Each structure stands twice: as structure tokens, then as C-alpha cells.
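Q: What follows is a predicted protein model with its sequence.
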Amino acid sequence: MKSIRSVYRIGNGPSSSHTVGPYRAAALFRARYPKASRFIVTLYGSLAFTGEGHSTGKAIRNAIPDAEIIFDRKEHDLPHPNTMLFIAEKDGQEIGRARIFSIGGGSIQVENEPSEEDTHVYPETCFSEIMDSCRSLGLNLPGLIRLREGDSLYDFLAVVWEAMKDAVQRGLNTEGILPGGLGITRKAKLLLEKRCYNEAAEVTMNRVIAAYAYAVSEENADEHIVVTAPTCGSCGVLPAVLNYMEHDRGFPEEEILDALAVAGLVGNIIRENASISGAECGCQAEIGSACSMTAAALASLYRLNIDQIEYAAEIAMEHNLGLTCDPVGGLVQIPCIERNAVAAMRAISSVNLSRFLYETRKISFDNVIATMYRTGRDLNEKYRETSHGGLANLYNTNRLGKRQ
Ligand code: SF4
């Protein structure tokens with residue numbers, strides 16, 4: 001298994017597959033053809049259907065300012081639902097082309113070339129092998145991650161954590177309407193301040209965590225800097241819970257970084273054995289993965305044992321199975337922002353169950369990840385980031401589902 005570093009990418013929202021990946025692909029292709037006078041980029045599949053709402057063109061033009069971009073929305077037999085064709089020309093002649101896939105979380109794959117992150121730093125390939133290694137080496141999960149990745153990983157995680165906290169703070173201090181035309185007002189600040197009379201401690205916790213999740217997700221929707229965890233669309237779940245634990249509950253930063261490492265490991269296992277791409281497997285691959293990562297992080301922070309951590313991650317994914325991706329207007333706003341807050345609370349519930357019931361569990365984390373992948377591949381394309389089905393389709397209807 002490769003390093004967990006690529007689970008966390010710092011970049012502009014609103015979608016890792018539709019902005020971070022295409023930007024990186026465009027920068028790579030441009031660097032290969034410095035003498036080209038014309039670049040033509042054709043977007044297919046989910047990139048073509050939701051690329052305008054997800055600002056894919058803007059992301060590509062940040063790397064190739066004068067790129068000609070075609071949104072090809074016709075039916076094609078594509079090797080990946082997020083496919084891009086780059087062509088470079090000089091003096092009217094084609095001098096190079098490449099098909100590049102945006103495979104989720106900002107990662108890219110050039111067709112017929114080795115993967116960009118080829119080095120395997122873990123001999124383990126799944127969670128059960130990780131558990132075996134922890135037991136045979138007498139290490140906990142952070143200990144094994146340090147052994148495999150080296151201490152320098154923690155310098156990287158410290159930068160990631162600062163970027164996550166920045167996004168929370170910026171989001172809490174910004175008001176107004178999000179771009180894109182849906183007229184959605186930012187709610188993070190309102191939620192943080194909206195304490196009700198005689199509010200119970202648990203209600204306060206959920207409200208504050210939801211406010212943090214809204215803060216980061218609204219920053220993402222506003223195309224500001226966020227950290228993929230594991231994607232931009234799901235970037236609010238993990239920072240919301242960990243920020244609450246550090247800022248409101250006083251957990252020290254070194255323990256938060258350990259939790260971030262455990263969450264990264266879980267995201268990495270999902271990415272390598274299934275997918276973290278909404279275009280490939282629906283929202284279960286994005287929000288489900290973020291929920292699972294967060295449950296594992298929180299269980300680790302509470303010093304639960306490795307079986308409890310595994311079970312928390314498993315529960316969090318199991319109850320997101322089948323979750324569709326149907327962003328209204330191709331924007332990462334409805335259902336995405338609210339969904340980040342709900343997933344943060346679901347991660348906490350998953351940990352609470354795992355704490356007491358782990359010895360009776362029947363489904364392993366590896367099993368639920370394999371199930372998520374199969375379910376995702378079975379999902380109709382309408383529910384895989386095309387904005388052709390679900391809420392995206394019925395948004396402009398009345399309460400009975402009739403078109404207005
Ligand atoms: S519905 Fe889920 S997968 Fe789809 S864009 Fe929103 S957060 Fe991403």
C-alpha cells in the first residue's frame with residue numbers, strides 16, 4: 001500500500017476530482033509540451049456533466065490559461081467516469097496528446113503510464129493485515145504508521161492540520177451567499193451562535209461540530225483552500241470532529257496528529273481496495289469514507305483498542321452504503337454541505353456503538369469496503385456525480401415531486 005500522504009491534499013474546492021485532479025493533470029501536460037501554442041482539453045463523463053458547476057474549466061485554466069475546453073456530454077464508452085483528453089498543437093500540427101483520468105481525491109492517472117504514486121511503503125494491503133502486523137509487532141496503529149512512513153510524515157500531518165483548522169476558522173468568520181446561483185446562505189457562524197435556552201451538553205456538542213463541518217464545507221463550496229479528507233466534497237467531516245476535540249475538549253495536538261494518521265490509513269485502505277470517487281461509486285465513496293475515517297480517528301483518540309477502531313470504521317461505512325451522489329445544479333452544496341455535518345455526527349455514534357459491541361461484530365471493515373465498491377459499480381450512472389438523478393433531478397419540483 002502507498003503512503004497516506006496523498007489522502008490529504010491541500011487545494012482549492014469545490015471538488016477534488018473536478019478541480020484538484022484536472023488542475024494537476026493540466027499542469028503535468030503543459031510541462032510536457034512547453035513549446036505548444038495551442039492546448040485543447042476535452043472533458044467526458046462526470047467531468048462534462050458537472051464540470052461547469054464544479055469549476056473544472058477554471059481549474060484547468062489556472063494551469064493552462066488559454067486552454068480551449070470542450071464539455072463533451074455525449075454517450076461514450078469511457079475507461080473511467082472522469083476522463084480528460086489533452087491535445088497540444090504547434091503551428092497547427094498536433095505535437096502530443098494524452099488521456100488522463102481524475103481518479104478521486106485529486107489523484108490522477110495518465111493512460112498507459114505507471115501510477116503517479118508508485119512506491120509502496122506498506123507491505124500490508126488491507127485492514128486485517130494491518131491488524132496482524134500491529135499484533136505481531138506489539139504496536140498500536142499510530143506506531144505502525146510511524147514505522148512504515150517515518151517520522152517525517154508527522155511534519156506533513158502538522159501542515160495538514162493547520163490547513164484544516166484555518167478552513168474551520170475562515171468558514172466560521174464568513175457570512176453571505178455561496179456562488180453558483182442556488183442562493184444558499186452560509187450557516188456555520190449562525191449555527192455556532194444559535195444556542196437555545198437550557199441547551200443540554202450533548203446538543204451543544206452536536207451543534208458546535210455541525211458548525212465546524214458547515215464552516216469547512218462552505219469554504220469548499222466557495223472554492224477556497226481546503227484539505228481533501230479524502231475528497232473536497234467530504235472535506236468537512238474529519239476537521240469538524242477533530243477541531244472539536246482539540247479546541248473544545250482540550251486534546252493535545254500530538255494526539256490529534258496520531259488520530260489524523262489513523263484516519264489517513266483508513267482512507268488509504270478504502271482508496272486502494274475500492275474508490276473514493278463519487279463519479280465512480282457515488283457519495284458512499286466520499287462521505288462514507290470520510291465518516292469511516294473520522295470514526296477511526298475518534299476511536300483512536302479515545303484510546304480504544306484496535307478491534308474497536310476497526311468496528312467503528314466499519315459501522316460508519318456500513319450505514320452509508322448505497323448513498324448516491326446527486327449534487328443539485330452540479331454544485332457541491334446540496335446535499336453536500338449538510339451531509340458533511342450529518343456524517344460527523346454519525347461518526348460519533350459509530351464510535352459509541354463500537355465501544356460496547358465490538359466483540360459481537362459479524363462484518364469486517366475489509367468486507368464492508370468490498371461491498372461499498374460493488375454497490376458503487378452497480379449504481380446507475382444517474383447517481384454517480386452526473387446531476388442527472390435524485391435531488392438534482394427533482395430540485396425544481398413541488399413537494400409532490402411534480403415539476404413547477
Ligand atoms: S453528493 Fe457527495 S459525492 Fe456527490 S458531490 Fe456532494 S459530497 Fe461529493
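A: Nice, thanks for sending it over.

Q: His76 touches Ser46, doesn't it?
A: No: counting by C-beta atoms under 8 Å, His76 sits too far from Ser46 to count as a contact (11.9 Å). (Each C-beta comes from the backbone N, C-alpha and C, glycine too.)

Q: Now do the helix or strand containing Gly57: which elements does it pack against?
A: Per DSSP states H and E, Gly57 falls inside helix 56-63. Here helix 56-63 touches helix 21-32, strand 68-71, going by 3 or more C-beta pairs under 8 Å, 6 or more residues apart in numbering; DSSP states H and E.

Q: Quick one: distance of stretch 8-19 to the chain centre.
A: Its chain's C-alpha centre and that of stretch 8-19 lie 8 Å apart, by C-alpha atoms, centre = their mean, to the nearest Å.

Q: so the residue nearest the centre of the chain, which of the three states?
A: Residue closest to the average C-alpha location in the chain (C-alpha atoms, centre = their mean): Thr231, at 1.8 Å. Following DSSP: H, G, I helix; E, B strand; the rest coil, Thr231 is assigned to coil.

Q: Who has more neighbours out of His76 and Ser46?
A: Ser46 (31 against 11; other C-beta atoms under 10 Å).

Q: All the strands of the protein, residue numbers only.
A: 10-12, 38-43, 68-71, 83-90, 93-104, 107-110, 225-227 (DSSP state E).

Q: Show me which positions of the fourth one end up buried.
A: Using 16 or more other C-beta atoms under 10 Å as the test for burial, strand 83-90 gives 83-89.

Q: Thr185: which of those residues is nearest?
A: Met84 (33.7 Å; C-beta to C-beta).

Q: do you know how far the closest one is from Cys283?
A: 22 Å (C-beta to C-beta, to the nearest Å).

Q: for Glu253, same thing?
A: Plainly put, Glu253 is 31 Å away from Cys283 if you go by C-beta to C-beta.

Q: quick one: which of the two has more around it?
A: Higher neighbour count among Glu253 and Cys283: Cys283, with 30 against 14, using other C-beta under 10 Å.

Q: Let me see the contact set for that one.
A: Residues counted as contacts of Cys283 (C-beta atoms under 8 Å, 6 or more residues apart in numbering) are 233, 320, 323-325, 335, 339.

Q: ok, and of the residues you listed, which contact the ligand?
A: Contacts with the ligand are made by 233, 325, 335, 339 out of the contacts of Cys283, judged by C-beta under 6 Å from any ligand atom.

Q: Now, the residues you listed that are in helices?
A: Judged by DSSP state H, the ones next to the ligand among the contacts of Cys283 include Arg339 as members of helices.

Q: Contacts only, for the residue of the stretch 51-200 of the chain at minimum distance from the ligand.
A: Using C-beta to the nearest ligand atom, the single residue of the stretch 51-200 of the chain nearest to the ligand is His54, 7.8 Å away. Neighbour list for His54: 14-15, 18-19, 330-332 [criterion: C-beta under 8 Å, 6+ apart].

Q: Under the pLDDT cut-off, which ranges of the stretch 101-250 of the chain? List them.
A: The model of the stretch 101-250 of the chain has pLDDT under 70 over residues 117-118.

Q: So which residues on it come close to the ligand?
A: Taking C-beta under 6 Å from any ligand atom, the part of the stretch 101-250 of the chain that reaches the ligand is made up of 233-234.

Q: can you count the residues close to the closest residue to Leu137 other than its chain neighbours?
A: In this structure, Leu137 finds its nearest non-sequential neighbour in Leu144, 6.8 Å apart by C-beta to C-beta, 6 or more residues apart in numbering. When neighbours are defined as other C-beta under 10 Å, Leu144 has 21 of them.

Q: Check Pro179 too.
A: If we define neighbours as other C-beta under 10 Å, then Pro179 has 14 of them.

Q: wait, what's in contact with the closest residue to Asn62 other than its chain neighbours?
A: Leaving aside its chain neighbours, Asn62 sits nearest to Tyr23 (5.7 Å; criterion: C-beta to C-beta, 6+ apart). Taking C-beta under 8 Å, 6+ apart, we find Tyr23 in contact with 11-12, 59-60, 62-63.

Q: out of the strands of the chain, deepest packed?
A: Greatest average neighbour count among those goes to strand 225-227 (a mean of 24), per mean count of other C-beta atoms under 10 Å.

Q: So what's the gap between that strand and the chain middle?
A: Going by C-alpha atoms, centre = their mean, where strand 225-227 is centred and where its chain is centred differ by 11 Å.

Q: Now do that strand: which elements does it pack against?
A: Contacts defined by 3+ C-beta pairs under 8 Å, 6+ apart place strand 225-227 against strand 10-12, helix 152-172, helix 201-221.

Q: just so I know, which of the ones you listed lies nearest Thr50?
A: helix 201-221 (13.5 Å).

Q: Now the closest one: buried residues?
A: By neighbour count on 16+ other C-beta under 10 Å, the buried set for helix 201-221 is 206-221.

Q: ok, back up a step: can you list the contacts of His54 in CSV and add distance to Glu129, neighbour count and pLDDT?
A: As requested, those are exported to CSV (distance: C-beta to C-beta, whole Å; neighbours: other C-beta atoms under 10 Å; pLDDT from 0 to 100):
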residue, distance to Glu129, neighbour count, pLDDT
Pro14, 35, 30, 93
Ser15, 32, 39, 90
His18, 33, 33, 92
Thr19, 34, 28, 91
Gly330, 39, 23, 90
Leu331, 39, 25, 94
Val332, 34, 33, 95
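
Q: Ala63: neighbouring residues, count only.
A: For Ala63, using other C-beta under 10 Å, the count is 19.

Q: List the contacts of Ala312.
A: 295-296, 298-299, 304, 347, 350-351, 353-354.

Q: Of those, just say which sits nearest to Gly183.
A: Comparing the contacts of Ala312 against Gly183 with C-beta to C-beta places Ala347 closest, at 29.8 Å.

Q: residues in contact with the spatially closest residue to Tyr33 that is not a sequence neighbour?
A: Leaving aside its chain neighbours, Tyr33 sits nearest to Ala88 (3.8 Å; criterion: C-beta to C-beta, 6+ apart). By C-beta under 8 Å, 6+ apart, the residues touching Ala88 are 29, 32-33, 36, 38-39, 94-97.
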